[in-house]
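**Q** Give me the fold of what follows.
(chains A, B and C, ligands or ions: 1)
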Amino acid sequence: MTYVNENDTKKTVNSLFAPYKNLIGKDKTYVSVPIIRMYCVTNEGCSVLVNVYNFFPYFYIHKPDLFEKEDIMSLEMKMNEHLNMNNQFKTCDHKILKIEIVKTENLMYFKKQGKTDFLKITVLLPTFISTLKKLFENGVTINNKSIVNIVYEANLPFILRYLIDNKITGSSWIKCEKGTYYFKPKDKKISNCSFEIDINYKHLSPLPLEDDYQLIPKLRILSFDIECIKLDGKGFPDAKNDPIIQISSVLYYQGDPIDKCTKFIFTLLECATIPGSNVIWFNDEQTMLEAWNKFIIKIDPDLLTGYNIINFDLPYILNRGTALNLKKLKYLGRIKNIFSSIKESNISSKQFGPHDTKEININGRIQFDVYDLIRRDYKLKSYTLNYVSFEFLKEQKEDVHYSIMNELQNESPETRKRIAVYCIKDGLLPLRLIDKLLFVYNYVEMARVTGTPFVYLLTRGQQIKVTSQLYRKCKELNYVIPSTYMKTNTNEKYEGATVLEPIRGYYIEPISTLDFASLYPSIMIAHNLCYSTLIKSDYEISDLKPDDIVVVQGKSVYRFVKNTVRKGILPLIVEELILARKKAKALMQNEKNPIAKMVLNGRQLALKISANSVYGYTGASAGGQLPCLEVAISITTLGRSMIEKTKEKVENYYNKSNGFEHNAVVVYGDTDSVMIKFGTPNITEAMELGKDAAQRISKEFTKPIKLEFE
DNA sequence: CCGATTGCCTAC
DNA sequence: TGAGGTAGGCAATCGG
Ligand SMILES: Nc1ccn([C@H]2C[C@H](O)[C@@H](COP(=O)(O)OP(=O)(O)OP(=O)(O)O)O2)c(=O)n1
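**A** Reported below is the predicted structural model:
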């Protein structure tokens, strides 16, 4: 944001912007400053734009020994010089705001030295950081003192930096301290939110996720659907030529009963009245579209939804705006002067494969496309709205075939009403799906558990969740995370889990299955596996006893310090995720309704994948943010030895020479499970033996590793 | 016709 | 920070 110097009569405003006045250069009246816009909702459901000021980005570097005041000044000059090579940056006068000496520690590897001196460098704008990162990575020497070419915490998105430092988690309640903020009058507002305030970041604090603060506010969710006709007969409509004839919009407040929603239908040409819906008709398309845009701004929804809106409806509306040269049709976001546009790109991920994506900026409103949500969370034969609705709601679309759309549109108000009823239904179904499948609830839960903003859960993958949790814990325990991390993109592969060769056959006897609970996460906890506990050299452990160290013997040997020496961070993270999963599992088990049970099962599985992704994160050698193959390999190595040991224990204990009636045989197993033929034809007995074995073998492993009878 | 590689899908 | 991981079955394809 550009801050323009002015003296306001209000005290709150003056003190809020006081720090910026010092940043304005000589002969200037303005300065660029970072600003964070938080789109919030009050308990009553009013939208509030909170403009957060005075928080600045920073990163860390190592401090060379004997680094004096004049060295710090030279360093500052050096950084300024480097930034000045960019003409845009050059216009800022004060770029480096602060250089502090702080005691902290690299997250990477166990070091007996503990906390040492680092330089924390605070700068004016987030974009400076990547430029400076490159500078330091290429090596910088100040007055003959060379600085280690590793930069810390220079890759975190600025918004996440702010949330983490202030302990704010996604989709949670925050408090703005009374009297500290500037309540913007109507003529000063830059947004269309109900309220807008300016506040210093220091006066904003998180509220604990307890009691009433666990509740989800009445978010406004607006679902819409457009209908268009192909003017020259058949084919797929093209926004360049083919008009939009109707737009349905259904408004729903999160938490309300689903029948309590308000339906609107915007139609081109007169449409007969529809009980329970507001019909608004227009004589030309342009007026209709502009009216709809005004309606969106007026309703001011927090979430925009529908079915395939990101790939179809929204681009179609925007392209139609371009075709008709309608500027007013593009202000779909909450900021007054920013219009929406489409960015097309091709991305690829392991989870979803390569695909073309459209990106549309609508500031302050989340694009909650039910088509994408269902594709993400459910494996179905088909993903048409009709099929999905039938699967989950036992309901179907109105039956209006596309081929007669043209006729219906041209005939009469009554035939246009048929289109309208169809269109409203298509707007309503996504809302019913959101309600039935608890989409808002589940995403809010994930945002809270992982501390990640809601939108990231839709637009990003698993890594951002781990990154968010990792930085949070590091902040709390005073570690810093390197951004420059060695040979990036090594694409190294490593050995994973063991799949036992099945002993094929037709088994008439019952087969008992034993399975470790959350195997990889519990391995991390039991053996304290983490970046910060990995031992890279004998020197670091010269003061420790053999008993303080965990040795993982695989193709190579990896060693970690036990949690009595130092508690790992990754174990803390997975512990929280496992706990959240246990709660979700308990809810699921108490649920009778099959659909609700399925939904809770999905939630439980999503938390399990988040926990397993902490392991995957350490093994992500290709595009990973902080890979550490030693940790990943240690986890799989320990896992392999566990399935092997389990099979051996079962077969060596439950056999004839030990007084049992039969010799038990492990007939199959995969990663963390063994399937045992105890030999008895009696199911009850096979179950008892299974439970016994689970208990007996669990004792052989470190807590919390637990073998369960399934 | 054979074996190796690739793509897709699923179990962990 | 664009993108959690490996194991393994099966069908299609390719080079010889
Ligand atoms: N999507 C997955 C599934 C599994 N695994 C790894 C880590 C798991 O710990 C291990 C065993 O998988 P399970 O499916 O048995 O899941 P968990 O053991 O984690 O949970 P549960 O308690 O349901 O057995 O395989 C993984 O990395 N990613």
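**Q** Would you tell me which residues of the stretch 551-700 of chain A are close to the ligand?
**A** Within reach of the ligand by CB under 6 Å from any ligand atom, the stretch 551-700 of chain A has these residues: A:608-609, A:612, A:615-616, A:671-672. (C-beta placed from N, C-alpha, C; glycine too.)
**Q** and DNA strand C, which of those contact it?
**A** Filtering these for proximity to DNA strand C by CB under 7 Å from any atom of the strand leaves A:609, A:612, A:615-616.
**Q** Among these, which pair sits farthest apart?
**A** Farthest pair in these (CB to CB) is A:Ile609 and A:Tyr615. Separation: 10.6 Å.
**Q** and those two? which has more neighbours close in?
**A** Taking neighbours as other CB atoms under 10 Å, A:Ile609 and A:Tyr615 compare with A:Tyr615 leading, 23 against 14.
**Q** In contact with that one, which residues?
**A** A:520-521, A:524, A:632, A:635 (CB atoms under 8 Å, 6 or more residues apart in numbering).
**Q** could you pull out the helices for the stretch 51-200 of chain A?
**A** For the stretch 51-200 of chain A, helices defined by DSSP state H, counting those that start in this stretch occupy the ranges A:69-84, A:87-90, A:126-137, A:158-165.
**Q** closest one to the ligand among those helices?
**A** Of all those, helix A:158-165 sits nearest to the ligand, with 24.4 Å by CB to the nearest ligand atom.
**Q** If you count contacts, what does that closest one end up packed against?
**A** Helix A:158-165 sits against strand A:36-41, helix A:463-477, with contacts defined as 3 or more CB pairs under 8 Å, 6 or more residues apart in numbering; DSSP states H and E.
**Q** Relative to the first one, what are the paired strands and their orientations?
**A** Spelled out, it's strand A:36-41. Strand pairing for strand A:36-41, determined by DSSP bridges: strand A:47-53 (antiparallel).
**Q** could you dump the strand it pairs with to PDB, C-alpha only?
**A** Listed next in PDB are the C-alpha coordinates belonging to strand A:47-53 (Å, rounded to 0.1, in the frame of the first residue of the first chain):
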ATOM      1  CA  SER A  47     -18.300  -8.700   7.200                       C
ATOM      2  CA  VAL A  48     -15.300  -6.800   8.500                       C
ATOM      3  CA  LEU A  49     -12.200  -5.900   6.600                       C
ATOM      4  CA  VAL A  50      -9.300  -5.600   9.000                       C
ATOM      5  CA  ASN A  51      -6.400  -3.700   7.600                       C
ATOM      6  CA  VAL A  52      -3.300  -4.700   9.600                       C
ATOM      7  CA  TYR A  53      -0.500  -2.300   9.700                       C
END
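**Q** And what about the spatially most central residue of chain A, helix, strand or coil?
**A** For chain A, A:Leu457 is the residue whose C-alpha lies nearest the centre (CA atoms, centre = their mean; 3.1 Å). At A:Leu457 the chain is in helix, as set by DSSP: H, G, I helix; E, B strand; the rest coil.
**Q** Roughly how far does it sit from the ligand?
**A** Per CB to the nearest ligand atom, to the nearest Å, A:Leu457 is found 17 Å from the ligand.
**Q** That residue is in contact with A:Ala447, isn't it?
**A** Yes: between A:Leu457 and A:Ala447 there is a contact at 6.1 Å, judged by CB atoms under 8 Å.
**Q** mind checking pLDDT for A:Tyr402?
**A** pLDDT for A:Tyr402: 84.
**Q** Now do the contacts for it.
**A** Per CB under 8 Å, 6+ apart, neighbours of A:Tyr402: none.
**Q** I'd like to know how far it sits from A:Ile229.
**A** Separation of A:Tyr402 from A:Ile229 (CB to CB, to the nearest Å): 9 Å.
**Q** What of A:Thr42?
**A** According to CB to CB, A:Thr42 and A:Ile229 sit 42 Å apart.
**Q** Tell me the residues that contact both of A:Tyr402 and A:Ile229, please.
**A** In contact with both A:Tyr402 and A:Ile229: no residue, using CB under 8 Å, 6+ apart.
**Q** The residue nearest to the centre of chain A and DNA strand C, how far apart?
**A** According to CB to the nearest atom of the strand, to the nearest Å, A:Leu457 and DNA strand C sit 10 Å apart.
**Q** ok, back up a step: turn the ones next to DNA strand C among the residues of the stretch 551-700 of chain A next to the ligand into CSV, including secondary structure, pLDDT and distance to A:Ile419.
**A** As requested, these are exported to CSV (DSSP: H, G, I helix; E, B strand; the rest coil; pLDDT from 0 to 100; distance: CB to CB, whole Å):
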residue, secondary structure, pLDDT, distance to A:Ile419
A:Ile609, helix, 94, 42
A:Asn612, helix, 96, 47
A:Tyr615, helix, 97, 52
A:Gly616, helix, 96, 48
